[in-house]
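Let me see the structure of the following:
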Amino acid sequence: MINREVEYNELIQPLEDQMIRTIWRIVRDADDADDAMQEALTTMWRRFERISHHPNPRALILRICINSACDVLRRKQRVKRVEEDDQLYDDLRDAIKRPALTPRQALESEDLELEIMTAIEHLSPQQSVAVRLRLVERFDYSDIADVLDCSEATARTHVARGRHRLQEVLAHLAPKPFPKAAEA
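Numbers count the residues shown, from 1 in each chain. Have a look, this model is predicted:
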């Protein structure tokens, strides 16, 4: 163990400033940079033998840092997409199901639901299924991938593209912002 620590101090520690700068250039966030650095150091510790015997250990170390930074960004994007999906689901649910509606409101609600479902049906077949399963039925991406017989990443792409297309097609349903009062 002492040998590994000595080798770490000789091989990795001199590169730590460059490692964090490399990570920072990718993530541009202090918390994300810390996470990526910890992830990179963990990976380096587990693969220390491979790094120490590599013909260009510095390049391998920096590649590990880049990969860790990219992984942190991908995770952050996935979380953001899930939050956006949840918000869109809530908006759709609120738009479709309104409590104690008057007969006129009920008709408008049915028209709205029909317009939304029609818009979903006009997406490509994969996007239509993916969006319906994710936003209406609340399926996980892995389940959507099983249904569509594709990878989870492809299922996520179908949902993202379908959502984007729906936002374009249904933009007229979005609440209009209040006009700003003219400043005197």
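
okay, and for this protein, where does confidence drop off?
Flagging of the chain using pLDDT under 70 yields the residue ranges 1-2, 93-101, 103, 105-107, 109, 175-184.

in it, which spans are helices?
Taking DSSP state H, the helices of the chain run over residues 2-11, 16-27, 30-46, 48-52, 57-96, 103-121, 125-131, 141-148, 152-169.

Buried residues in the third one, which are they?
Which is helix 30-46. 32-33, 35-37, 39-41, 43-44 (16 or more other CB atoms under 10 Å). Just so you know, the C-beta spots here come from the backbone N, C-alpha and C atoms, and that holds for glycine as well.

about what we covered before: just name the most buried of the helices of the chain.
Across those, averaging neighbours per residue (mean count of other CB atoms under 10 Å) puts helix 125-131 on top, at a mean of 21.

That one - contacts with which helices or strands?
If contacts are counted by 3 or more CB pairs under 8 Å, 6 or more residues apart in numbering; DSSP states H and E, helix 125-131 sits against helix 103-121, helix 141-148, helix 152-169.

returning to what we had before: find the pair from the buried residues of helix 30-46 with maximum spatial separation.
Greatest spacing in those, by CB to CB: Asp32 and Met44 (18.4 Å).

I figured Ala33 was touching Thr22, is that so?
No: the criterion here is CB atoms under 8 Å, and Ala33 misses it with Thr22 at 9.9 Å.

Can you name the residues that contact the residue nearest to the spatial centre of the chain?
Most central in the chain under CA atoms, centre = their mean is Arg78, positioned 2.0 Å from the mean C-alpha point. By CB atoms under 8 Å, 6 or more residues apart in numbering, the contact list for Arg78 reads Arg156.

Next, work out how far apart it and Ala160 are.
Distance of Arg78 to Ala160, given as CB to CB, to the nearest Å: 11 Å.

just Arg104 next, same as before
Per CB to CB, Arg104 is found 36 Å from Ala160.

for Asp34, same thing?
Remark: distance between Asp34 and Ala160 (CB to CB) = 28 Å.
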